[in-house]
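Peer 1: Please find the sequence and the predicted model below.
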Amino acid sequence: MEVLRLPLSASQKGRLISAGYTSIASLSSISPSQLALELKISETEVLEILKIVSDGSRLESPGSSCTIVHGSQNAWDMLQEEKTLVRITTSCADLDDILGGGISCKEVTEIGGVPGIGKTQLGIQLAVNVQIPSDYGGLGGKAIYIDTEGSFMVERALQIAEACSADMVEYSCLYRKGSQACEVKRQPKDFLENIFYFRVCSYTEQIALVNYLEKFITEHKDVKVVIVDSVTFHFRQDFDDMALRTRLLSGMALKLMKLARKFSVAVVLLNQVTTKYSDGSFHLALALGDSWSHASTNRIILHWNGNERYAYIDKSPSLKSASAPYSVTAKGIRNSASNNKRIKHT
Amino acid sequence: MGALKSLKQEYAIIDSIFLQFCASHGIFSVEDFLVHDVYMLVASTEQLANSDRLKQGINQILSIIETYHQPWMNGLVLLEDREQNKHCLSTGCESFDMLLQGGLHEGHVTELVGPSSSGKTQVCFQFASNVAMKLGGVVFLDSGNSFSPTRMQQIVTHISGSAENKINGILQQAMRNIECHAVFDVYALLNVLHQQKLKLKSQTGYQVRLIIVDSISSLIAPILGGSNAHGHALMVSVGYLLKELADRHNIAVVVTNHMVGGEGGTLKPALGESWKNIPHVRLQLSQDHARNVYAVQILRHPYMASGRNANFMIP
C-alpha cells in the first residue's frame, strides 16, 4: 500500500484507497479533473495530492549510480566537516572544557536547573557570544531568543554586551599589537541589534513560532543560535490531555532537530526541574518526563554544590560525563572564583 | 494493483462488459475482488449470456493475483537459508556476544529499550563501528542529531587497538562504510527505507549488513494516539518494512526505544502493545551510576529465555 507512505491526511488517504488507487503508479496517468470527480473533492486539493505524489515518485527513481543515497553522507565526510565547525563559547573556560569547546551547532542542547541558578543568564550570554566576529574565534552570527516566561531583561543584555565588547578590546590589545590594536569594532548596541526577540504567551503560540522559524531562518541566513527560555513553561500547567501533550512535544522536538541540522544552527532549550523518587531517594530531574529526553542531543543540568554553581553533563553522545563550576558575575557567566577549580570527570 | 480499470489496457479480456458485471457486484478494485467469494461470482455468471467470457475474465484476474504472493517454503529450505545466509554479526563487546549467542543475527530486528542516558546510542555506535570495520556496510538513521563522527573515530581506534597515527587507512575505510541519514519524521523514514529496498534489489554491488534507527520512538510518538488510528498503521508498516529488509536481504536491524511511566511508577517501553510484537529481540539497558557499569537484560527473544542479563562497559 504505497499510498499509506505519503504525507497526506487520513481522510484523503481513505478516499484514495476506497476508490482503488493504492499505488503511486496508478495515480500517474490520471487527469486532475477526473480524479476530483471520483474522489468528490475540490480540484485544488487534487492538485496538492498529485504534487505530493510526484515528489514521492521522484525520490523513487533509481537514477543514482553511486552508493550515496539522496540526502545522506558517509561518516568519513562528516568527520572532516566536523573538524571545521566552530562552537559558541560560554565565556567560562571550565564549562567550555567539558563541552568540548562550547555549544556546538547542528545539535540541540538542553540546559535545566533549579530557579535562580543562572539559566536565563546563560541564555543571554550565548545570545551575545554568538555574535563575536570570526577573527576573535566566534561565529559572527545572529541570535533568536524565544521568551516564554518574560525573564529576558534588556538592561542585563546590554550589560553583558558591554562586558563582551570590553573583553574583545582587551584581547585585541594583548594579541594584535599593530595597526588594528585597541580598536573598538563592536558597540554594545550592535550586539542588541542582532538578537531577534520573540515573546510567546501560550503553547499554541510556541508551536506556531517553531513552525514559522524555518521560514524566518531561510530569510535571515546568519542566525546561528536559537534559544528557547523556557521550553516547558506553557506545557506544565493546565494540560488535561497528557497524550496530546506528548504528541505536541515530540512533534516540536523533531522540528527543532530538523532546524538545527538543516541550517547548522545551535538550538538551546532551557528547562525547569522536578523531583523524582527512585531507589529510596529524591533527586532532581528535568521536567516534561522521560519522553522529552529524546528532544535534545545533549543535556546539561545546573545545580548548587555547597555555595558554588555547578554544571553537569547528564546525557551526550560524544562528550564524557563531567561537571564544572561556573559563576554569574556582573559581566555575565565567568569562571568560578574559588581556588580549587578541579574539573571532576566521572 | 488497484482499480480494475487500469488492467483494461493490458488484458483484452477485461473489457467494459466485464467491468460492468463486476460493478454490479460492487467490485471496483482488486482488493474488492479478493474480498468477494469467487464461487458465488462464478455461479452468478451462469445466468448471463456471455458467461464463458466472464469466467475467463475472472480466471485472468486470479492468475494476476497469483503472481503477487510469496512462494511456499518448507522447514528444510528455511533451515538451509538460515545456515547459509543469515550469519551472526559480532558486536565487538564480549558480554553482548555471549548474551546473544554470537551477536546480532541477520534477519532479526533487535530493539534496545532503556531510560534516558542508559547507553543506547553508545551501544549503537559500538555495533556500527565493529560491523563497519570488519564486515560490511552500515546505514545509520538518526532522528536526534546524535551521530557524532568524533565519537565513532574514538571507538574505531579503541577496537582496532593500535595507536592513533597508524590506523588512518583502516579508519577511513571503516568510516566510509557508514552511511548516515538524518530523518525527522516518519514519512522521511519510510522513504529512506523504501529507497534502500530499491537499491538492494537493483544494484548488485551494494551491500548493507546493519541498519540502525536511533531512535524510532521519537519518530513515531508525534503520530501515535489521538483520534485517528493511522498512527498505528504507520508504526506497524514501518515495522513490517524493517522486517522485510532484514529477512529478504539478510540484514540485521537495530532500533532504539525509550521508556515511559507505567502502573505503580515502574517504567515500561514506549510505543505500546502493538509495537511489542514487532521486534524479534528486545533488550533492556540500564546504567548503574554508582559503579559506572551498564546492564543489559533480555526481555524477549525467539529462542532464549528472557531474564538473562549481562554487564558491560562502554569505552
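Peer 2: Arrived safely, thanks for sending.
Peer 1: and residue A:149, backbone torsions?
Peer 2: phi -100, psi -10 (degrees, to the nearest 10).
Peer 1: Give the residue spans of the stretch 151-300 of chain A that score low on pLDDT.
Peer 2: A:176-186, A:278-281 (pLDDT under 70).
Peer 1: Spell out which residues of it are next to chain B.
Peer 2: For the stretch 151-300 of chain A, the residues in contact with chain B (C-beta under 8 Å from any C-beta of the partner chain) are A:243-244, A:246-248, A:250-251, A:253-255, A:257-258, A:260-261, A:277, A:289-291, A:293-297, A:299. In this view, the C-beta of every residue, glycine as well, is placed from N, C-alpha and C.
Peer 1: and with 7 Å instead?
Peer 2: Residues of the stretch 151-300 of chain A lying near chain B by C-beta under 7 Å from any C-beta of the partner chain: A:243, A:246-247, A:250-251, A:253-254, A:257-258, A:260-261, A:290-291, A:293-294, A:297.
Peer 1: Weed out the non-buried ones from those residues.
Peer 2: Neighbour-count burial (16 or more other C-beta atoms under 10 Å in any protein chain shown) applied to those gives A:246-247, A:250-251, A:253-254, A:257-258, A:260-261, A:290-291, A:293-294, A:297.
Peer 1: returning to what we had before: the residues of the stretch 151-300 of chain A next to chain B: which two are farthest apart?
Peer 2: A:243 and A:261 (27.4 Å; C-beta to C-beta).
Peer 1: what bridges to the residue most central in space within chain A?
Peer 2: Nearest to the geometric centre of chain A sits residue A:267, at 2.0 Å (C-alpha atoms, centre = their mean). Beta-bridge partners recorded for residue A:267 (DSSP bridges): residue A:108, residue A:226.
Peer 1: How about the one 4 residues further on?
Peer 2: In this structure, residue A:271 has the following beta-bridge partners (DSSP bridges): residue A:112.
Peer 1: That one against residue A:231, yeah?
Peer 2: Yes: Residue A:271 lies in contact with residue A:231 (C-beta atoms under 7 Å); the separation is 6.0 Å.
Peer 1: which of those two has more neighbours?
Peer 2: Comparing residue A:271 with residue A:231 by neighbour count (other C-beta atoms under 10 Å in any protein chain shown), the higher total belongs to residue A:231, at 29 against 25.
Peer 1: Is any residue of stretch A:32-43 near chain B?
Peer 2: No: using C-beta under 7 Å from any C-beta, we find that stretch A:32-43 stays clear of chain B, coming within 9.1 Å at best.
Peer 1: Off-centre distance for the host helix or strand of residue B:124?
Peer 2: Per DSSP states H and E: residue B:124 is located in helix B:120-134. What separates the centre of helix B:120-134 from the centre of its chain is 18 Å, taken as C-alpha atoms, centre = their mean, to the nearest Å.
Peer 1: what does the next helix or strand after that helix contact?
Peer 2: Following helix B:120-134 in sequence order, the next helix or strand is strand B:137-142 (DSSP H and E). For strand B:137-142, contacts defined as C-beta atoms under 7 Å, 6 or more residues apart in numbering or on different chains pick out B:128, B:131-132, B:147, B:177-183, B:189, B:192, B:196, B:207-214.
Peer 1: Which positions in the stretch 201-315 of chain B make contact with chain A?
Peer 2: Residues of the stretch 201-315 of chain B that fall close to chain A, judged by C-beta under 7 Å from any C-beta: B:202, B:206, B:215, B:217-218, B:221-222, B:225-226, B:228, B:230, B:233, B:237, B:258-261, B:270.
Peer 1: Select from the residues you listed every entry located in helices.
Peer 2: With helices taken from DSSP state H, the overlap with those comprises B:202, B:217, B:218, B:230, B:233, B:237.
Peer 1: between these, which is nearest residue B:157?
Peer 2: For these, the nearest to residue B:157 is residue B:218 (29.4 Å; C-beta to C-beta).
Peer 1: I figured the closest one was touching residue A:296, is that so?
Peer 2: No: when contacts are counted by C-beta under 7 Å, residue B:218 is not listed as touching residue A:296 (10.7 Å).
Peer 1: Please say which of the two ends up with more neighbours.
Peer 2: Neighbour count, other C-beta under 10 Å: between residue B:218 and residue A:296, residue A:296 has more, with 31 against 24.
Peer 1: Give the buried residues for stretch B:251-271.
Peer 2: Buried residues in stretch B:251-271 (16+ other C-beta under 10 Å): B:251-260, B:267, B:269-271.
Peer 1: OK, contacts around whatever residue of the stretch 151-300 of chain A ends up closest to chain B?
Peer 2: Taking C-beta to the nearest C-beta, chain B has its nearest neighbour within the stretch 151-300 of chain A at residue A:293, 3.4 Å off. Residues near residue A:293 by C-beta under 7 Å, 6+ apart: B:116, B:258.
Peer 1: which residues of the chain fall in helices?
Peer 2: No chain in the question, so chain A it is. Going by DSSP H, chain A shows helices at A:10-18, A:24-28, A:32-39, A:43-60, A:75-83, A:93-98, A:119-129, A:154-175, A:188-193, A:203-219, A:233-236, A:242-263.
Peer 1: ah, I was thinking of chain B
Peer 2: B:16-24, B:30-35, B:38-45, B:51-66, B:75-85, B:94-99, B:120-134, B:149-160, B:168-176, B:186-202, B:216-220, B:230-248, B:272-276.
Peer 1: ok, what's across the strand from residue A:196?
Peer 2: Residue A:196 has these beta-bridge partners by DSSP bridges: residue A:144.
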